[in-house]
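*Asks:* next one to model:
(one chain, ligands or ions: 1)
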Amino acid sequence: MEIGFALCGSFCTFSQVFPIMEQLATEHHLTPIFSPAAYGTDTRFGTAREHIRKAAEICCKDPLYTLAQVEPIGPKKMLDVLVVAPCTGNTLAKLAHGIADTSVTMAVKSHLRNGRPVVLAVSTNDALAVAAENIGKLLARRHIYFVPFGQDDATKKPTSMISDFSKIPQAVNAAMEGRQLQPILLEG
Ligand SMILES: Cc1cc2nc3c(=O)[nH]c(=O)nc-3n(C[C@H](O)[C@H](O)[C@H](O)COP(=O)(O)O)c2cc1C
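*Replies:* Purely as a prediction, here's the structure:
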């Protein structure tokens, strides 16, 4: 498969996501896509340059990160499926409201015009607060699927939820068959 793999700015999860990217790259062609935050922010979880280099090594391709680079994804039917992992609260909000002003949200918009699946792996502290409305909207949207998610620390972070990134390959296979991988809600 031709798989788009888009990373948003949930930096603490990158170390969990790269091994899955590596796993998928053994069987599929991957196109990495970085959101502006992912492409340009150095944090205590690593520098942007390190993350860009890592993704480029795994996918044997430099990440796409501008609107102009991702715009052809739809018209040229570049991808079979587009994974957004990690998907931030910010990107969830934009996707839920039809905003396409970043490389990742524009890639999703462009890809969806072909009626092909998008697989979101949420990772956000406000998943059970303001982002809940957006997750709800997207759950009801055609061609959008979720990587199963659950609360990661109900006591200390009562509104936080994170996907089980190890389930990305299964969620992708299910999405390619038009199915949502179940159970979608995991126990914390
Ligand atoms: C160190 C650090 C960690 C962050 N972790 C998260 C996170 O786990 N989830 C999230 O939704 N936003 C997180 N953010 C905030 C996003 O990076 C920010 O909302 C950004 O605008 C997201 O843009 P994007 O969705 O285009 O990647 C974090 C920011 C920083 C600096």
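*Asks:* is whatever helix or strand residue 68 lives in anywhere near the ligand?
*Replies:* Element membership of residue 68 [criterion: DSSP states H and E] is helix 67-70. No: on the criterion CB under 6 Å from any ligand atom, helix 67-70 is out of touch with the ligand, staying 12.2 Å away. (Each C-beta comes from the backbone N, C-alpha and C, glycine too.)
*Asks:* can you count the residues close to the closest residue to the ligand within the chain?
*Replies:* Closest to the ligand within the chain is residue 9: 2.6 Å, counting by CB to the nearest ligand atom. Neighbour count for residue 9, taken as other CB atoms under 10 Å: 23.
*Asks:* could you shift the numbering so residue one becomes 25, and keep it that way?
*Replies:* Got it, first residue is 25 now, which makes that one residue 33.
*Asks:* what about it, distance to residue 128?
*Replies:* Noted for residue 33: a distance of 10 Å to residue 128, by CB to CB, to the nearest Å.
*Asks:* hey, what's in contact with both of the two?
*Replies:* residue 59 (CB atoms under 8 Å, 6 or more residues apart in numbering).
*Asks:* give the rounded mean pLDDT of the helix holding residue 92.
*Replies:* Helix 91-94 carries an average pLDDT of 98.
*Asks:* got any ranges where the chain has weak pLDDT?
*Replies:* The model of the chain has pLDDT under 70 over residues 212.
*Asks:* that one against the ligand: which residues are in contact?
*Replies:* 32-36, 59-62, 65, 67, 112-115, 126, 128, 147-148.
*Asks:* list the contacts for the residue in the chain sticking out farthest from the centre?
*Replies:* With distances taken as CA atoms, centre = their mean, the residue sitting farthest from the centre of the chain turns out to be residue 179, at 26.0 Å. Taking CB under 8 Å, 6+ apart, we find residue 179 in contact with no residue.
*Asks:* related to what we said a few turns ago, just checking, what packs against the helix holding residue 92?
*Replies:* helix 127-136 (3 or more CB pairs under 8 Å, 6 or more residues apart in numbering; DSSP states H and E).
*Asks:* can you name the next helix or strand after the helix it packs on?
*Replies:* Once helix 127-136 ends, the next helix or strand along the chain (criterion: DSSP H and E) is strand 142-148.
*Asks:* relative to helix 127-136, how tilted is that following strand?
*Replies:* Inter-element angle recorded for strand 142-148 and helix 127-136: 150 degrees (by axes from the mean of the first three to the mean of the last three CA atoms, to 10 degrees).
*Asks:* partner strands of strand 142-148 and their direction?
*Replies:* strand 105-111 (parallel), strand 168-170 (parallel), strand 185-187 (antiparallel) (DSSP bridges).
*Asks:* run through who's touching it.
*Replies:* 34, 36-37, 41, 105-113, 116, 119, 132, 135-136, 155, 159, 162, 167-171, 173, 184-187, 189, 192, 195-196, 199.
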